[in-house]
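# build me a model:
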Amino acid sequence: MAETSSPNSSADDLKNHVMKIFQDATKDCEDEYSKREFGTIGRSYDSLNDFSIKLFNTMADTGIVDRAREMFKPVSDLGILSPVAIFTIVIMTYAGNRKAKSALKVYQHMIATGVNPACYTYVQLICVLATDFSNVKFLRYAKKYFLEMLDKGMKPNPTPFWNIMEAIAYREPVEKAKEFLEQVKAKGFMPPDSGFHYKEAYLAKGMQTLKMYANLVHNDTIDKDVRNYFYMLRISTDHAEKLLNKMYNALVEDGNEDEATEFFNEVEETGIEPMVVIHTAVIEAYLLFGKTKGALEAYLAMLAAGVAPNSYTYTVLIKGLSADSNFFGDAKKYLLEMMDKGKRPNAATFTAVIEGFAKQGDKAVEEEGKELVQLMLDKGFVPNAKAMMEVLKGRPTSVIRSAMSIVLSTLKQ
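Numbers count the residues shown, from 1 in each chain. This is a model prediction of the structure:
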């Protein structure tokens, strides 16, 4: 199938030809969601053209207008959609629905009919292949097409490169990452200094970070809600910056300047998200979905991986455990562990544990709370009553009175 048509071809003939291409590319669709999308997009040539206009505008708005023009260059002066645009729309739809096998099949059909892919075609295909871990062959194809795209002089954005590197991190040894990195550099592609530092000195560490992210999204043994959470998180191009800023700002606000400085220096030196950031984000994700047991297991997995928690990690963990009566004993345990490591809980963290005692409305439990406060005093921590009152605002009066009594009566002894 040629991408050009005779000047004598009528507009109707060309439109019918385009619709035939679309129908052939989608006729074997087995995914119900994709099938519904194709039914909407391809009701008629006009609906297909309307979708193409919207896609062109979206691509232009995101700064890739040159790729949009390349893909939507008409086959004649009649302004009819090109075959490559049709095939790319089908591949893009499958990619959006995470159907790598179907996207690859359409791409191979496109090549067999003599239609050359545009840069955007490659990007869509490579991204879905690299992010589908159901078949090891998909990674090999993703690498192949990325290098092929570079050989054709195309200049892709960083996304397909990072997707491939993450897939390598998940499936292959770091030597394979070095090999692929050298291959793309030899073809003139210089990976941007983002995502992780690709310099050899930090490559192994960077691949470890990517492997953990890939595991969070693709490992079926991990809670489904948490996997979906990290999938959506990773779609955001600035997710790493947000997580880094969140932890750094929390450390600074709580007066943990030394930890904040150490954290900042590590990021500046390596360009990599410290593993403590990702592990802490996992704990937060489990707590977000009310899965306290999962949060505690994530913390224990963090320790087993040799990653040391910082003050912010403890804050997240202890507050989460305190909110679940089934894990209140663990909250007390880790509050003391935090202090034994020379870290000081902020008012919200300390108060969350004391509030746990107060909520139970039991005198024996209150005495246990006083014993905890005394242990903390012995470790050099003096609760700030005023800060506690700020945290307890809006709580039932009985809880506030009990919590303050536990602390103040101990301080007076």
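
# against residue 36, how distant is residue 45?
Noted for residue 45: a distance of 19 Å to residue 36, by C-beta to C-beta, to the nearest Å. All C-beta atoms are positioned from the backbone trio N, CA, C, and that covers glycine.

# who has more neighbours, those two?
residue 45 (19 against 11; other C-beta atoms under 10 Å).

# quick one, what contacts the spatially most central residue of the chain?
Central residue of the chain (C-alpha atoms, centre = their mean): residue 234, 2.1 Å from the mean position. Counting by C-beta atoms under 8 Å, 6 or more residues apart in numbering, residue 234 touches 213, 217.

# where's it, which helix or strand?
helix 224-235 (DSSP states H and E).

# C-terminal to that helix, what's the next element?
helix 239-253.

# for residue 225, which non-adjacent residue is closest in space?
Ranked by C-beta to C-beta, 6 or more residues apart in numbering and with sequence neighbours excluded, the top spatial neighbour of residue 225 is residue 289, at 4.6 Å.

# ugh, wrong one, residue 219
Distances taken as C-beta to C-beta, 6+ apart place residue 227 nearest to residue 219, at 7.4 Å, with adjacent residues excluded.

# these two touch, right, that neighbour and residue 216?
Yes: here residue 227 reaches residue 216: they are 6.5 Å apart, a contact under C-beta atoms under 8 Å.

# quick check on the two: which one has the bigger neighbour count.
Between residue 227 and residue 216, residue 216 has the larger neighbour count (other C-beta under 10 Å), namely 21 against 18.

# from residue 281, how far out is the residue nearest to that one when sequence neighbours are not counted?
Distances taken as C-beta to C-beta, 6+ apart place residue 230 nearest to residue 216, at 4.3 Å, with adjacent residues excluded. Separation of residue 230 from residue 281 (C-beta to C-beta): 8 Å.

# could you do residue 54 as well?
From residue 54 over to residue 281 the distance is 34 Å, taken as C-beta to C-beta.

# please apply the same query to residue 372.
29 Å.

# same question, residue 393
When C-beta to C-beta is the yardstick, residue 393 and residue 281 sit 28 Å from each other.

# looking at the two, which one has more neighbours?
More neighbours surround residue 281 than the other of residue 393 and residue 281, with 24 against 7 (other C-beta under 10 Å).

# contacts for the helix or strand the more buried one falls within?
Of the helices and strands defined by DSSP H and E, residue 281 is found in helix 275-288. Helix 275-288 has contacts (C-beta under 8 Å, 6+ apart) with 208-209, 212-213, 216, 223, 225-226, 229-230, 233, 243-244, 247, 292, 294-295, 298-299, 301-302, 305, 307-310, 312-313, 316-317, 320.

# so which bits of that helix are buried?
275-287 (16 or more other C-beta atoms under 10 Å).

# isn't residue 359 right up against residue 399?
Yes: Residue 359 is within contact range of residue 399, at 5.7 Å (criterion: C-beta under 8 Å).

# any idea of the mean pLDDT for stretch 337-347?
The average pLDDT for stretch 337-347 rounds to 94.

# can you give me the strands for the stretch 101-250 of the chain?
In chain order, the stretch 101-250 of the chain shows no strands, with DSSP state E, counting those that start in this stretch as the criterion.

# output the below-cut-off pLDDT ranges for it.
Across the stretch 101-250 of the chain, the ranges flagged by pLDDT under 70 are 192-200.

# which strands or helices does the helix of greatest length in the chain pack on?
Longest helix of the chain, by residue count under DSSP state H: helix 200-218. The contact analysis (3 or more C-beta pairs under 8 Å, 6 or more residues apart in numbering; DSSP states H and E) places helix 200-218 against helix 158-171, helix 174-186, helix 224-235, helix 257-270, helix 275-288.

# same thing but 10 Å
Counting contacts by 3 or more C-beta pairs under 10 Å, 6 or more residues apart in numbering; DSSP states H and E, helix 200-218 is packed against helix 119-131, helix 158-171, helix 174-186, helix 224-235, helix 239-253, helix 257-270, helix 275-288.

# show me which residues of the fifth one are buried.
The one in question is helix 239-253. So, applying 16+ other C-beta under 10 Å, buried residues of helix 239-253: 239-240, 243-244, 247-248, 250-251.

# same deal with the second one?
When neighbours are counted by 16+ other C-beta under 10 Å, the buried residues of helix 158-171 are found to be 160-170.
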